[in-house]
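*Asks:* Give me coordinates for this.
(4 chains)
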2 protein chains.
Amino acid sequence: MKRPTIADVARRAGVSKGAVSYALNGQPGVSEATRQRILAIATEIGFSPSSAARALSAATARAVGLALCRPARTLGVEPFFMALISGVEAELSARSYALTLQVVADHDAEIAVYRRWWGERRVDGVLVCDLRTDDARIPALEQLRLPAVVIGGPGGTGELASLFSDDAAALTEAVEYLVALGHRRIARVAGLPDLRHTKIRTDAFAAVCRRLGLSDTATVFSDYTGEEGGRATRRLLSATSRPTAVIYDNDVMAIAGLSVAQEMGLTVPADLSIVAWDDSPLCRLVHPPLTALGRDISAYGAHAARHLLGVIAGEPATRLRDETPQLTPRGSTAPPRER
Amino acid sequence: MKRPTIADVARRAGVSKGAVSYALNGQPGVSEATRQRILAIATEIGFSPSSAARALSAATARAVGLALCRPARTLGVEPFFMALISGVEAELSARSYALTLQVVADHDAEIAVYRRWWGERRVDGVLVCDLRTDDARIPALEQLRLPAVVIGGPGGTGELASLFSDDAAALTEAVEYLVALGHRRIARVAGLPDLRHTKIRTDAFAAVCRRLGLSDTATVFSDYTGEEGGRATRRLLSATSRPTAVIYDNDVMAIAGLSVAQEMGLTVPADLSIVAWDDSPLCRLVHPPLTALGRDISAYGAHAARHLLGVIAGEPATRLRDETPQLTPRGSTAPPRER
DNA sequence: GACGTTAGCTGAACCGGATAAGCTCAGCCA
DNA sequence: TGGCTGAGCTTATCCGGTTCAGCTAACGTC
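*Replies:* Residues are numbered from 1 along each chain as shown, chains lettered A, B, ... in the order given. As a prediction, the model looks like this:
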């Protein structure tokens, strides 16, 4: 099947290439009758404009890049990224933008990819994930002047546009809820310590514990994998004065923690309450179902994509606050057993 | 930061655009000294050729498309796709191909996407997932003559290239293992019935049960979600003569099944053995860890990508058999309790 | 009826590469 | 010395769109 070009449409309509271009792009310069005739012919012979030719002359790729910088191992297990991608994609395809995906090993490789994408004009902008506390990608992107939206923050995003959720508020709500249930010894299994949102949550955790007068609090850092989450839990529960509640930075670690607790003979929630961050269907899979801090990740992705398209279109690089994660209480939290 | 073009390199090197093109592409036509000088200058000013211009003249996009046709809901939870994508991506980026991703609602939309990608010359080929028993995408792709590799089969892939695993053999191995443990009443919670690999597994299940003289066997169809998997399990376990072992078509449903069993007061594996398909880290997260039929999904994706690049390069559209899923026994399977 | 004005269209340049064809000149041989 | 060869380069064309400048004809105006 040979692919028709604009010249084929022009020939069959008996007009010039220019007229066809005007007609298809809704530009003035052709009569309504001619436009309809051209559109009909284009549809009939199944014409769609070559993205390469269009990119070359219009200097826009109509594509957006997303580089994922996590090992394949953890990438797959967390539902977060797939949900994010599907939201991003929904927004992009609605505006006929393509999504180009690349998995990279580290930030240096990621910056190299941005540099190449920009040089090759392969994308018009990028979405940046997993913001670190001191993130080399930010100055690199600023220097390239590659339109970008950082999914993360607040803070640390330089002059770039960003989209963030108020993780501090969400974490505070979770701690207050646990304290209201009667918990005094609350621990936290955090994600990678150099991610910015980990620090934000850690700071918020320290602040709320101080405010509520909790002293027996511990934060253990992990890497979002089930293995590490389980190990961290085992360590916490083996301490002489073990916590009565644990907050996990993702759902996978929370599920691993639940298994470890059960394996150690503890009953959830009587002996141990569990709160998960990221309310995916996984949280409802296990028994008891997990109390979780959730939000619509797909919508988060869609908002990020929309924001990026705005930045590409020349809108100012603002910092948007998205929905704050909401606490959904389920069977994994209860007042601590008397002792 | 303005993006340098081939003309900038040519000007600084004091040669023509043509010479630069020959030098950068390793073509004969320039002396080694000139080539080195041009390469140095290109590196120095950070030149990378515009993908659009290259695509336009070389008539190749150096990009591969992947359309995912599942609701966002189930897409996110299963680790399968992310693992597949990371494998595909590793292979593609090693050969400097880009991956273009699109989430679609149904097969008609997917075919429309293929048609558009082909017309726009946005991709050089596509990977096709989730083959159905009577799949409209196959004839559509054949008609478009768009290079494609179908991830699925064997059979039902028409003239297209494909990559499949021997699910029938894997399922047979799992059943034989359960029978060797002493199980006689084995049930199966299958995936969507119109997926081809579901049918292959269902047929293999029927065949091996007949061969081994098992009569009390049941296959319940589901949709890969935890909710449905749990519901199916509840139905199976409520029957008068309940199964002593259940094989699930994915890990998410298996985990949901485990929860349901525990919730109903059954002990796994004493009262019920569980086998999961797709051995993701999730299977090791729960307690007891799940016996699973696993394979390297990332490598599967990489093989599919390599096969597709071959087809794009003009190699014959062969049907490749990948590694057969291997049974990894863990804590969720044991001989059935005497009764 | 001469003169703007404008809608509607054409022709050509341009985007940034790849590449075929042509040109130049050194080297070699008869 | 003239002719041939081939390495090493330049020039021109093409890919398939967008867009600008210009052309033509119809229309309105005084």
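*Asks:* Run through the stretch 51-200 of chain A and note the low-pLDDT ranges.
*Replies:* Residue ranges of the stretch 51-200 of chain A with pLDDT under 70: A:72-73.
*Asks:* Would you mind measuring from the residue of the stretch 101-250 of chain A found nearest chain B to DNA strand D?
*Replies:* As assessed by CB to the nearest CB, chain B sits closest to A:Gly119 within the stretch 101-250 of chain A, at 3.3 Å. Yep, even glycine has a C-beta here, placed from its N, CA and C like the rest. Taking CB to the nearest atom of the strand, to the nearest Å as the measure, A:Gly119 and DNA strand D are separated by 19 Å.
*Asks:* Kindly report the same for A:Ala218.
*Replies:* From A:Ala218 across to DNA strand D, the span is 59 Å (CB to the nearest atom of the strand).
*Asks:* what's the burial count for A:Lys2?
*Replies:* When neighbours are counted by other CB atoms under 10 Å in any protein chain shown, A:Lys2 registers 6.
*Asks:* The residue nearest to the spatial centre of chain A - nearest residue in space that isn't next to it in sequence?
*Replies:* Residue closest to the average C-alpha location in chain A (CA atoms, centre = their mean): A:Leu84, at 4.8 Å. Spatially, and ignoring its direct neighbours in sequence, A:Leu84 is nearest to A:Gly301 (4.1 Å; CB to CB, 6 or more residues apart in numbering or on different chains).
*Asks:* can you check A:Cys209 too?
*Replies:* A:Thr217 (4.6 Å).
*Asks:* Quick check: phi and psi at that neighbour.
*Replies:* Main-chain dihedrals, A:Thr217, degrees, to the nearest 10: phi -120, psi 150.
*Asks:* returning to what we had before: could you say which helix or strand holds the residue nearest to the centre of chain A?
*Replies:* Taking DSSP states H and E as the definition, A:Leu84 sits inside helix A:79-94.
*Asks:* Distance from that helix to the middle of the chain?
*Replies:* Mean C-alpha position of helix A:79-94 versus that of the full chain (CA atoms, centre = their mean, to the nearest Å) differs by 9 Å.
*Asks:* C-terminal to it, what's the next element?
*Replies:* strand A:98-103.
*Asks:* Buried residues of that following strand, list them for me.
*Replies:* A:Ala98, A:Leu99, A:Thr100, A:Leu101, A:Gln102, A:Val103 (16 or more other CB atoms under 10 Å in any protein chain shown).
*Asks:* count of residues packed around the residue nearest to A:Leu84?
*Replies:* For A:Gly301, the neighbour count with other CB under 10 Å is 28.
*Asks:* That one: what's it in contact with?
*Replies:* By CB atoms under 8 Å, 6 or more residues apart in numbering or on different chains, A:Gly301 lies in contact with A:Ala83, A:Leu84, A:Ile85, A:Ser86, A:Gly87, A:Val88, A:Glu89, A:Ala90, A:Glu91.
*Asks:* how about 6 Å then?
*Replies:* By CB atoms under 6 Å, 6 or more residues apart in numbering or on different chains, the contact set of A:Gly301 is A:Leu84, A:Gly87, A:Val88.
*Asks:* can I assume it sits in a strand?
*Replies:* No - going by DSSP: H, G, I helix; E, B strand; the rest coil, the assignment for A:Gly301 is helix, not a strand.
*Asks:* Distance check, it against A:Phe81.
*Replies:* 9 Å (CB to CB, to the nearest Å).
*Asks:* sorry, back to before: can I assume the residue of the stretch 101-250 of chain A closest to chain B is in contact with B:Ser48?
*Replies:* Yes - the criterion here is CB atoms under 6 Å, and A:Gly119 meets it with B:Ser48 at 3.3 Å.
*Asks:* out of everything not next to it in sequence, what's closest to the residue of the stretch 101-250 of chain A found nearest DNA strand C?
*Replies:* For the stretch 101-250 of chain A and DNA strand C, the shortest gap (CB to the nearest atom of the strand) falls at A:Arg121, measuring 7.4 Å. Leaving aside its sequence neighbours, A:Arg121 sits nearest to B:Ser50 (CB to CB, 6+ apart; 4.9 Å).
*Asks:* any idea of the pLDDT on that neighbour?
*Replies:* Per-residue confidence (pLDDT) for B:Ser50: 96.
*Asks:* and it, how many residues sit next to it?
*Replies:* Neighbour number of B:Ser50 under other CB under 10 Å is 21.
*Asks:* What are the boundaries of the strands in chain A?
*Replies:* Remark: strands assigned in chain A by DSSP state E are A:63-68, A:98-103, A:125-128, A:148-151, A:161-164, A:186-190, A:218-221, A:245-248, A:273-277, A:291-294, A:319-321, A:326-328.
*Asks:* Which strands and helices lie in contact with the fifth one?
*Replies:* I take that to be strand A:161-164. strand A:148-151, helix A:297-312 (3 or more CB pairs under 6 Å, 6 or more residues apart in numbering or on different chains; DSSP states H and E).
*Asks:* what are the C-alpha coordinates of it, in CSV please?
*Replies:* C-alpha atoms of strand A:161-164 as CSV (Å, rounded to 0.1, in the frame of the first residue of the first chain):
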residue,chain,number,x,y,z
ALA,A,161,7.4,24.5,35.2
SER,A,162,6.3,21.9,37.7
LEU,A,163,3.4,19.9,39.0
PHE,A,164,3.3,18.7,42.6
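*Asks:* Parallel or antiparallel, which strands does that strand pair with?
*Replies:* strand A:148-151 (parallel), strand A:319-321 (parallel) (DSSP bridges).
*Asks:* any residues touching the first one, and which ones?
*Replies:* Translated: strand A:148-151. Here strand A:148-151 makes contact (CB under 6 Å, 6+ apart) with A:126-129, A:131, A:141, A:157, A:160-163, A:304, A:307-308.
*Asks:* and of the residues you listed, the nearest to DNA strand D?
*Replies:* Using CB to the nearest atom of the strand, A:Leu308 is the member of the contacts of strand A:148-151 that lies nearest DNA strand D, at 21.0 Å.
*Asks:* pLDDT score for that closest one?
*Replies:* Taking A:Leu308 on its own, its pLDDT is 98.
*Asks:* Next up, the contacts around it.
*Replies:* Each residue near A:Leu308 by CB under 6 Å, 6+ apart is listed here: A:Gly125, A:Val149.
*Asks:* Next: the one 4 residues further on.
*Replies:* Under the criterion of CB under 6 Å, 6+ apart, the neighbours of A:Ile312 are A:Asp124, A:Gly125, A:Pro147.
*Asks:* same thing with A:Ser222?
*Replies:* A:Val189, A:Glu228, A:Gly229, A:Ala232.
*Asks:* where along chain A do the helices fall?
*Replies:* For chain A, the helices defined by DSSP state H occupy A:6-13, A:17-24, A:32-44, A:51-58, A:72-77, A:79-94, A:107-120, A:137-144, A:167-181, A:196-211, A:226-238, A:251-263, A:282-285, A:297-312.
*Asks:* will you turn the ones you listed into CSV that also has distance to B:Ser238?
*Replies:* Formatted as CSV, those follow (distance: least, CB to CB, whole Å):
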stretch, distance to B:Ser238
helix A:6-13, 63
helix A:17-24, 60
helix A:32-44, 55
helix A:51-58, 55
helix A:72-77, 31
helix A:79-94, 29
helix A:107-120, 51
helix A:137-144, 54
helix A:167-181, 34
helix A:196-211, 43
helix A:226-238, 31
helix A:251-263, 24
helix A:282-285, 19
helix A:297-312, 34
